[in-house]
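**Q** quick one: sequence plus predicted model below, questions after.
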Amino acid sequence: MIMGPVFQIIYYLLIFRFLTMNELELFKNYHYSILFFNLLPIYPLDGGKLLNIIINYFISFRRSFRLTIFISYMCIVTIGYFFIYKNINISFSIFLIALLVICKLTNELKKERFYFNKFLLERHINDYKFPKIKVIKDLQYMSRDYKHVIFKNGKTRSEKEELSNYFRQ
């Protein structure tokens, strides 16, 4: 995820030596446009994935995914409103890109349960050693970088026990 923007910057630093002044201006415009677009906080893009990881440090995996999708939609609406408010002519290619991003974002939202189950399965299969412990009441509240203890119906269970029961069903 982070290598996209890093490669974009490295590519710019390598290629600008071989361009004339006119070509450099045009290349610089394209470079910054692609870099800025890729870092927008819209989920399928690198900026959206980075936003999801940052939010995930504060709230559960599932809630952070939903919040990231919501922020992504709000960002698209805000950008669209900005284009309309400023009377900026939208080219057909920008319209297509926006439509593709909205379709991809909607598709990602439909896959939310798949991503959550993938997260749970990864936690079930791998034996992670997290230094921090968090008490939760249900698997829905699991977060990254925590070992969980599930307290449900007056009983305490380990994360591994709860995940074993979940995948046995």
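**A** That came through fine.
**Q** the strands in this protein, which residues?
**A** 133-136, 147-152, 155-158 (DSSP state E).
**Q** now those as CSV including distance to S93, mean pLDDT and mean neighbour count?
**A** Where you see a C-beta, it was placed from the backbone N, CA and C, and this is true even at glycine. Shown next, in CSV, are the strands of the chain (distance: least, Cβ to Cβ, whole Å; pLDDT from 0 to 100; neighbours: other Cβ atoms under 10 Å):
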stretch, distance to S93, mean pLDDT, mean neighbour count
strand 133-136, 46, 94, 14
strand 147-152, 46, 93, 16
strand 155-158, 53, 92, 11
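**Q** okay, which residue is most central for this protein?
**A** Using Cα atoms, centre = their mean, the residue of the chain that lies closest to the mean C-alpha position is K49, 2.2 Å off.
**Q** so what's the residue nearest to that one when sequence neighbours are not counted up against?
**A** Nearest-residue entry for K49: M1, 4.7 Å, with adjacent residues in sequence omitted and distances by Cβ to Cβ, 6 or more residues apart in numbering. Residues counted as contacts of M1 (Cβ atoms under 8 Å, 6 or more residues apart in numbering) are 46, 49-50.
**Q** for I53, see how far away M1 is.
**A** 8 Å (Cβ to Cβ, to the nearest Å).
**Q** can you check T78 too?
**A** With distances taken as Cβ to Cβ, T78 is found 22 Å from I53.
**Q** what does K111 give?
**A** In this structure, K111 and I53 are 17 Å apart, going by Cβ to Cβ.
**Q** okay, M21 and K28: tell me how far apart.
**A** Plainly put, M21 is 11 Å away from K28 if you go by Cβ to Cβ.
**Q** same thing with K137?
**A** Distance of K137 to K28, given as Cβ to Cβ: 53 Å.
**Q** so for these two, which sits in the more crowded spot?
**A** The residue with the greater number of neighbours, taking K137 and K28 and applying other Cβ atoms under 10 Å, is K28; the counts read 13 against 10.
**Q** show the pLDDT at the more buried one.
**A** Looking at K28, its pLDDT stands at 79.
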